[in-house]
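> Prediction below, plus the sequence it came from.
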Amino acid sequence: QVPLVESGGGLVQAGGSLRLSCAASGRTFSASAMGWFRQAPGKERERVAAISWNGGSVYYTDSVKGRFTISRDNAKNTLYLQMNSLNTEDTATYYCAADTRYQYMDYLGRNYDYWGQGTQVTVSS
């Protein structure tokens, strides 16, 4: 059983929007910090956004601030990433991940121990 499954990727024109979803299995994830990462060809993986277990704290990398929104619905065990005003530099494979070490804490994650398989986002100019 794969704990995390992403969906919602695709091809979009610059300026467009996409919403990624990450379906988690098991109650552990609803108590854990989660994050979205991305990796473009030839580049290192970077953390795009992170969220604490209850959504009380969030983090965004500078390049996506004001454009991306991370959220979660613990009742549905689902993590989201709303991406607006997409540009070609956002093209990458996007992964969701969970750091299950510290649960029910105001914590954004550091060493993520569960990963999804990734979903491709391609932004055309």
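Happy to help now that I have it. Numbering: from 1, shown residues only.

> How confident was the prediction at the residue lying farthest from the centre of the chain?
Taking C-alpha atoms, centre = their mean, the residue of the chain most remote from its mean C-alpha position is Ser125, at 23.2 Å. You'll see Ser125 listed with a pLDDT of 94.

> That one touches Thr88, doesn't it?
Yes - Ser125 lies in contact with Thr88 (C-beta atoms under 8 Å); the separation is 5.3 Å. In this view, the C-beta of every residue, glycine as well, is placed from N, C-alpha and C.

> which neighbours do those two share?
Ala14 (C-beta atoms under 8 Å, 6 or more residues apart in numbering).

> This structure: helices as residue ranges?
Counting by DSSP state H, the chain forms no helices at all.

> mind listing what the residue most central in space within it touches?
In the chain, the centroid-proximal residue (C-alpha atoms, centre = their mean) is Trp36; its distance is 2.3 Å. By C-beta under 8 Å, 6+ apart, the residues touching Trp36 are 20, 22, 47-50, 70, 79, 81, 94-97.

> next one: Asn84
Ser17, Arg67, Phe68, Thr69.

> could you dump those residues to a markdown table with neighbour count?
Shown next, in a markdown table, are the contacts of Asn84 (neighbours: other C-beta atoms under 10 Å):
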| residue | neighbour count |
| --- | --- |
| Ser17 | 11 |
| Arg67 | 15 |
| Phe68 | 20 |
| Thr69 | 16 |
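
> Run through the bridge partners of the residue nearest to the centre of the chain.
Ala49, Cys96 (DSSP bridges).

> Ala23 now?
Beta bridges link Ala23 to Val5, Thr78, judged by DSSP bridges.

> Kindly provide the distance from it to Leu4.
To Leu4, Ala23 is 7 Å away according to C-beta to C-beta, to the nearest Å.

> residue contacts, the residue farthest from the centre of the chain?
Gln13, Ala14, Thr88.

> quick one: low-confidence parts of the protein?
1-2 (pLDDT under 70).

> Could you double-check that Tyr59 lies in contact with Glu46?
No - using C-beta under 8 Å, Tyr59 is not in contact with Glu46; the gap is 11.9 Å.

> who touches both of those two?
With C-beta under 8 Å, 6+ apart, Tyr59 and Glu46 have no common neighbours.
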